[in-house]
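Q: Fold the following for me, if possible:
(chains A, B, C and D)
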4 protein chains.
Amino acid sequence: MDNVYAPGKNHLFVPGPVNIPDPVIRAMSRNNEDYRSPAVPALTKILLEDVKKIFKTTTGTPFMIPTTGTGAWESALTNTLSPGDRTVSFLIGQFSLLWIDQQQRLKFNVDVVESEWGQGANLDILASKLAEDTAHTIKAVCIVHNETATGVTNNLAAVRKILDHYGHPALFLVDGVSSICALDFRMDEWGIDVALTGSQKALSLPTGMGIVCASPKALEASKTAKSVRVFFDWNDYLRFYKMGTYWPYTPSIQLLYGLRAALDLIFEEGLDNVIARHNRLGTATRLAVEAWGLKNCTQKEEWFSDTVTAVVVPPYLDSVEIVRRAWQRYNLSLGLGLNKVAGKVFRIGHLGNLNELQLLGCLAGVEMILKDVGYPVKLGSGVAAACAYLQNNIPMIPSRI
Amino acid sequence: MDNVYAPGKNHLFVPGPVNIPDPVIRAMSRNNEDYRSPAVPALTKILLEDVKKIFKTTTGTPFMIPTTGTGAWESALTNTLSPGDRTVSFLIGQFSLLWIDQQQRLKFNVDVVESEWGQGANLDILASKLAEDTAHTIKAVCIVHNETATGVTNNLAAVRKILDHYGHPALFLVDGVSSICALDFRMDEWGIDVALTGSQKALSLPTGMGIVCASPKALEASKTAKSVRVFFDWNDYLRFYKMGTYWPYTPSIQLLYGLRAALDLIFEEGLDNVIARHNRLGTATRLAVEAWGLKNCTQKEEWFSDTVTAVVVPPYLDSVEIVRRAWQRYNLSLGLGLNKVAGKVFRIGHLGNLNELQLLGCLAGVEMILKDVGYPVKLGSGVAAACAYLQNNIPMIPSRI
Amino acid sequence: MDNVYAPGKNHLFVPGPVNIPDPVIRAMSRNNEDYRSPAVPALTKILLEDVKKIFKTTTGTPFMIPTTGTGAWESALTNTLSPGDRTVSFLIGQFSLLWIDQQQRLKFNVDVVESEWGQGANLDILASKLAEDTAHTIKAVCIVHNETATGVTNNLAAVRKILDHYGHPALFLVDGVSSICALDFRMDEWGIDVALTGSQKALSLPTGMGIVCASPKALEASKTAKSVRVFFDWNDYLRFYKMGTYWPYTPSIQLLYGLRAALDLIFEEGLDNVIARHNRLGTATRLAVEAWGLKNCTQKEEWFSDTVTAVVVPPYLDSVEIVRRAWQRYNLSLGLGLNKVAGKVFRIGHLGNLNELQLLGCLAGVEMILKDVGYPVKLGSGVAAACAYLQNNIPMIPSRI
Amino acid sequence: MDNVYAPGKNHLFVPGPVNIPDPVIRAMSRNNEDYRSPAVPALTKILLEDVKKIFKTTTGTPFMIPTTGTGAWESALTNTLSPGDRTVSFLIGQFSLLWIDQQQRLKFNVDVVESEWGQGANLDILASKLAEDTAHTIKAVCIVHNETATGVTNNLAAVRKILDHYGHPALFLVDGVSSICALDFRMDEWGIDVALTGSQKALSLPTGMGIVCASPKALEASKTAKSVRVFFDWNDYLRFYKMGTYWPYTPSIQLLYGLRAALDLIFEEGLDNVIARHNRLGTATRLAVEAWGLKNCTQKEEWFSDTVTAVVVPPYLDSVEIVRRAWQRYNLSLGLGLNKVAGKVFRIGHLGNLNELQLLGCLAGVEMILKDVGYPVKLGSGVAAACAYLQNNIPMIPSRI
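A: This next block holds a predicted model:
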């Protein structure tokens, strides 16, 4: 079936799609089912309740849409805004850039707030824009929680604080694609109006389900939003929710059972433990990068991402070659640098269902590759730094029998 | 994992999602992969070539979009038409109705040509509309090849003939969701401009891939079509096709390998043999319905569908009860009647990867259910009629060793 | 992977190996594990408790041996008997013949009690042998509960009654390969000393685990039994049971998880319901055979088997051709006639995880094949007879949501 | 299903059962099939041919027995020897001990040639025994190629040379359980009469198939060998080979398809490349052990095993605690010390379908564990030593597209 073969497991360290746990692969290995039977709605009903927990919301309404993150973006925007509406959007890397591009193509009037790639969103500019906007022409503030291209995590609580400070009614729309289920995320507490993620990220599923969660305020906005939409229209879902059949069109049966299994694992580990594990793996990765004498693309500690680390290579190296070699020689999948940082960074994704020894194998591989391409790394140095930290910080796995 | 259990296999006879062959389930039982590695584009490239064969096109450009049939509709329409454009659309059942609804919500100006449910598209009206439209205000003719709600197959060759007769330049857009890979379908020969299907239908995959195929004329139209679109925009795909990376956003790795396996099976059986098998199973089903003394919802033989049969129940019965009982007592999944025919018909889907004995088990089950609900069926009569036909018409399976 | 391909599912109706339920296939789709970790012994401990339930024993000691039914036979014999020991064994078909052959090759002194194939064990002869054997030279009575070659079920309660009547201390050794988990089986109540089955029969697992259950009396006998044995020696297991590590050599991790899943399904359905379902499917099959005007190989109703029906074909037909055609034309797997009944019977296995519509598909297939080979069957007649019975006797599946 | 859960993949580094490649897991994820259909014998026939390649034999006859390594031993012995026969057997660790125990329980007269655990077979003693045995009372020389308990590889070519030197006709029986498919093994060239392995070792399958390969001389011996055997009797296989049905009793369908997939992977990589990879991983492991300042249990380089390394812990440490902690804290499965070396060594299995980064993750884990239990290891030291070697010795994976 596969056109390629290399012995052993592929080491998947791109920041998505990520490793799928074996119990989830098993749960999805199944025939189709009639989604109009009583069984699928019953399953859906429970999933819609459980999925709210990963957003930390009790008041939000989730939509599990057969699409990708890009489609989830489109669903968030078209259901809440009308063509010509003014949005404030932060450009800090490739994925925030793409979201802004989408906003523009959907005919919104976007105030782009740009930062240097490697920095977080410039919230001072947000504050001054909101201060000036006494007429409330700004309809939405759009922010990517974790910019996957640069490994930068924005401070959502600070965004909410600024909105509240100015008593501004703009909707607060958040791309949580590479954060939800991995980083601290609190939809209700932070007053987020639409939050969204994709199944192939920290949920550790295949691609194919965009999960969008709307606050009551966002749902209210959807009643008057004039953006043209059909496939992404929340209203079709809401009608079927009311009927108890839940699906306006055919869902992936496999992804529903996969989501059930994925949530079971997350809840068994404990969402807070999952987040702590991501912090542990992120910290270990950063310590290794430091030990190698390389720079993190992220310029300040406050923006460090626990789901992806973009590593800056010295000017005399091409990060494309590092990624190519990782795959070709070590069966290791690393992330390329994108757009402005193409050739300049490679990325280690450390999100999803992953443990310490998997990461250490990856780090050892990176050391060999760095040496391969002529960077004077001390072999073992990054692993040693990571181990020294991990060895003191991994908790005992709770009794496994 | 499952909340439900009943011994033995579920008998899945809804007209989609359909049974997935075991080799396809196996091929999809896998971890994620980096879709930016060299392997996934290499696989994609071959798939794009192979997928054209099921449309019978050499000049079309296929798009494998992470969406459902509804999204595929939206992709077909928004890439070729502009708001306000006039379309002619045939309303003959629930799915053509939904597509028309989508066209209207997307702000097209739809000439709805309605037929009684159970009849095919009224092509005389199409002819008269085209005859009158010397100004070529009609931009597209939209037709559902096989209306899944009533089991009616429209005559696409006839549509093309009429368009040609009047030399009308309207685009010819075809929903092939429940036909492609099961019924005779010839994109190039019939001059179809956009054809589309969904993975969970005759391709026998899970839901999640909408395959849209555009003729050169459709691609040309997409350059000027003003419908707002991002996720469904062909142009993003075309840019990535040119780069050789193929994907503007993350595909489902599992569906790609699944599609590879599904196409392998179809090509091994032979697409024409697959179509002949569907005809055989469709004929057998219709003979059984006749033997039971029940009416086919489809009013004329010319419209008989080889992928789904809608069976009309006597007025004193409720088809909802038949479908409920099939599932609850016999582990048999039948299709409900929808909208205008709700309660009046139940549907037997006989598309996808299916064989004769599977169908006969279903037919035997339907006989028992009919008796259960008080219809005076002669047990064995439908099976006997189907067997009499099949016994003379099943070809030997080509040497299996 | 497969050298062969035919559309749809294979219809597997041999009397073993049987259909594996999808949840069991999923549970087994996994990597190896260290069987010396704490997890595997913990799982094993529970399985050893649960497996006793399918034998209906509380006092027996089960051994889950990585072998087939033939190995399980050898384990039963060599652990309880010494070369030269006298056994009474009933020859009523191919599998009882093979077991007798094994007993002879293991150097036991076998009193073969032969019946015509199609009849049950001649218990009158057993009675007279026991009556004569006041010296207790008979060390064991060996009986196949259900002869898979002829579809004959022996009366174990009657055997026990005869042993008790004569107060004879002979061990009571039972091959339950095609009965346990499908037919009424009561190890403790019937005073069975060794009972055994194979994973690929009514447990509906892959081949590879022979389960042997020993009464306290059998365990006692094993202390003095002089048959040479190592791989099959219970004593090695007992030592590891005591240590709590359970395995003298490497078990199949996959079969352990598979057994867990299989037992879960059986317990969820209810062992008595499973047995009732087998009776229902067996009865339906026999009614079909009768309707076709064919003879059941089993000569009297008291011996009718609910797990396999051997159908006698008219003298002018060759059953080999029927089985070949079933596979080649209808993707239907039937059992051949073996040895004395080769060419004269074909066998329909109706054991394991199976439901009504699956069986009806098989019966419809058999009708077509019979017609194919020139037998004047009335198409639909067998299905009608089976449906008439089933329609009145299938219980509602307990609420599935 | 699992009673236990820990995030990420389990790191399986016991010397068996080993990691199963994903394509093999997929190939085995299937329903049962009729093993008497034409398909299974056709598959079996090819497998019997292909399996000879891993033994490097053209004249041998393989038997794929549904059993474990222990059963394969029993098959090798009972088919070639008679009770009372004299064998020479080398005791150098737990598995050679168990084989000797089996030989004694099977009533052979065993000359045990013992070495200190950590040393190879004492071939000088063999030489002197053969020299003395001019009457040819020695019927077989039995040797474990790779003693899994101590990581000692014996020199089979040297054994053959000694036998030839004395022109001694003794059968040459080899346990290749942890060597075949991983270490250099040449059945024909080295004149081996019976070689055997188990599916769960370097073949990287689940447990359940013991593969025994017999030379023409061994087959000849089987005609007169008087050991009692039924399940393990080669003669039953040979009869079914002749009939072309191949199986005297039910094989595991899943293991057959799994073996097909496993051999495909091995042949695609190239058997010699597989062996070279094992040497590379073995060397890297030994370099790490040296860097940690720990001793290899294997006393001389000539006996170093490329499939398992037994690491001696300092006297103040208990290796049981190391293995326990590896599993409980790091999801890492290491091998325990057995019998004489219990508590004194832990074992790293590096056989089967495994790559460099997987091993490096394991080595990093071992470093942390050593530190955890109070051994003054320099973190990163073993990884650095392994990387330094690997970085210069891993070949480019042959073009993967």
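
Q: anything in stretch A:209-221 sitting right up against chain B?
A: No: against chain B, stretch A:209-221 shows no contacts by CB under 8 Å from any CB of the partner chain, the least distance being 8.6 Å. Every C-beta, even on glycine, is put in place using the N, C-alpha and C of the backbone.

Q: Okay, strands next: where are they in the stretch 201-350 of chain A?
A: For the stretch 201-350 of chain A, the strands defined by DSSP state E, counting those that start in this stretch cover A:210-214, A:295-296, A:308-312, A:332-333, A:345-349.

Q: so can I have a markdown table of those showing mean pLDDT?
A: Shown next, in a markdown table, are the strands of the stretch 201-350 of chain A (pLDDT from 0 to 100):
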| stretch | mean pLDDT |
| --- | --- |
| strand A:210-214 | 98 |
| strand A:295-296 | 98 |
| strand A:308-312 | 98 |
| strand A:332-333 | 97 |
| strand A:345-349 | 98 |
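
Q: a markdown table please, covering those and showing mean neighbour count.
A: Formatted as a markdown table, the strands of the stretch 201-350 of chain A follow (neighbours: other CB atoms under 10 Å in any protein chain shown):
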| stretch | mean neighbour count |
| --- | --- |
| strand A:210-214 | 28 |
| strand A:295-296 | 20 |
| strand A:308-312 | 26 |
| strand A:332-333 | 24 |
| strand A:345-349 | 27 |
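
Q: Just list the residues touching A:Lys45, thanks.
A: Residues near A:Lys45 by CB atoms under 8 Å, 6 or more residues apart in numbering or on different chains: A:Gly244, A:Tyr246.

Q: Mind putting the strands of the stretch 201-350 of chain A into JSON lines with distance to chain C?
A: Formatted as JSON lines, the strands of the stretch 201-350 of chain A follow (distance: least, CB to the nearest CB, whole Å):
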{"stretch": "strand A:210-214", "distance to chain C": "24"}
{"stretch": "strand A:295-296", "distance to chain C": "35"}
{"stretch": "strand A:308-312", "distance to chain C": "27"}
{"stretch": "strand A:332-333", "distance to chain C": "20"}
{"stretch": "strand A:345-349", "distance to chain C": "23"}
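
Q: Tell me which of the ones you listed lies nearest to D:Ile65.
A: Proximity to D:Ile65 (CB to CB) singles out strand A:332-333 among the strands of the stretch 201-350 of chain A, at 39.3 Å.

Q: What's the local residue count around A:Cys128?
A: If you look again at residue A:128, you'll see it is Ser, not Cys. Burial measure for A:Ser128: 12 neighbouring residues, criterion other CB atoms under 10 Å in any protein chain shown.

Q: What distance do you get for it to B:Leu43?
A: As judged by CB to CB, to the nearest Å, A:Ser128 and B:Leu43 stand 49 Å apart.

Q: Using JSON lines, lay out the strands of the stretch 201-350 of chain A together with distance to C:Leu357.
A: As requested, the strands of the stretch 201-350 of chain A are exported to JSON lines (distance: least, CB to CB, whole Å):
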{"stretch": "strand A:210-214", "distance to C:Leu357": "37"}
{"stretch": "strand A:295-296", "distance to C:Leu357": "61"}
{"stretch": "strand A:308-312", "distance to C:Leu357": "50"}
{"stretch": "strand A:332-333", "distance to C:Leu357": "45"}
{"stretch": "strand A:345-349", "distance to C:Leu357": "47"}
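
Q: quick one: the helices in chain A?
A: A:22-28, A:39-55, A:69-78, A:94-105, A:123-132, A:156-165, A:216-222, A:234-243, A:253-269, A:271-291, A:319-330, A:356-372, A:381-393 (DSSP state H).

Q: Output these as JSON lines; include the columns distance to B:Glu220 and mean pLDDT.
A: As requested, these are arranged in JSON lines below (distance: least, CB to CB, whole Å; pLDDT from 0 to 100):
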{"stretch": "helix A:22-28", "distance to B:Glu220": "40", "mean pLDDT": "97"}
{"stretch": "helix A:39-55", "distance to B:Glu220": "41", "mean pLDDT": "97"}
{"stretch": "helix A:69-78", "distance to B:Glu220": "25", "mean pLDDT": "98"}
{"stretch": "helix A:94-105", "distance to B:Glu220": "20", "mean pLDDT": "98"}
{"stretch": "helix A:123-132", "distance to B:Glu220": "42", "mean pLDDT": "98"}
{"stretch": "helix A:156-165", "distance to B:Glu220": "44", "mean pLDDT": "98"}
{"stretch": "helix A:216-222", "distance to B:Glu220": "35", "mean pLDDT": "98"}
{"stretch": "helix A:234-243", "distance to B:Glu220": "32", "mean pLDDT": "98"}
{"stretch": "helix A:253-269", "distance to B:Glu220": "36", "mean pLDDT": "97"}
{"stretch": "helix A:271-291", "distance to B:Glu220": "48", "mean pLDDT": "97"}
{"stretch": "helix A:319-330", "distance to B:Glu220": "35", "mean pLDDT": "95"}
{"stretch": "helix A:356-372", "distance to B:Glu220": "46", "mean pLDDT": "98"}
{"stretch": "helix A:381-393", "distance to B:Glu220": "54", "mean pLDDT": "96"}
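
Q: Out of the ones you listed, which is closest to D:Thr250?
A: Relative to D:Thr250, the nearest member of these by CB to CB is helix A:22-28, separated by 25.5 Å.

Q: That closest one packs against which elements?
A: Judged by 3 or more CB pairs under 8 Å, 6 or more residues apart in numbering or on different chains; DSSP states H and E, the packing partners of helix A:22-28 are helix A:253-269, helix C:22-28.

Q: From the centroid of chain A, which residue is nearest?
A: With distances taken as CA atoms, centre = their mean, A:Ser178 lies nearest the centre of chain A, 1.3 Å away.

Q: what does the model give that residue for pLDDT?
A: With respect to pLDDT, A:Ser178 has a value of 98.

Q: A:Asp2 now?
A: 53.

Q: Mind listing what's buried along stretch A:225-239?
A: Buried residues in stretch A:225-239, defined by neighbour count with 16 or more other CB atoms under 10 Å in any protein chain shown: A:Ala225, A:Ser227, A:Val228, A:Arg229, A:Val230, A:Phe231, A:Phe232, A:Asp233, A:Trp234, A:Asp236, A:Tyr237, A:Leu238.

Q: is that stretch anywhere near chain B?
A: Yes: judged by CB under 8 Å from any CB, stretch A:225-239 comes into contact with chain B at A:Ser227, A:Val228, A:Arg229, A:Val230, A:Phe231, A:Phe232, A:Asp233.

Q: For stretch A:340-349, list the C-alpha coordinates in PDB.
A: Extracted as PDB, the C-alpha positions of stretch A:340-349 are listed here (Å, rounded to 0.1, in the frame of the first residue of the first chain):
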ATOM      1  CA  LYS A 340       9.400  34.800   6.000                       C
ATOM      2  CA  VAL A 341      11.300  32.200   8.000                       C
ATOM      3  CA  ALA A 342      11.600  29.700   5.200                       C
ATOM      4  CA  GLY A 343      15.100  28.200   5.300                       C
ATOM      5  CA  LYS A 344      15.800  30.000   8.500                       C
ATOM      6  CA  VAL A 345      14.000  27.800  11.100                       C
ATOM      7  CA  PHE A 346      13.000  24.300  11.500                       C
ATOM      8  CA  ARG A 347      10.200  23.300  13.800                       C
ATOM      9  CA  ILE A 348       9.800  20.600  16.400                       C
ATOM     10  CA  GLY A 349       6.200  19.900  17.200                       C
END
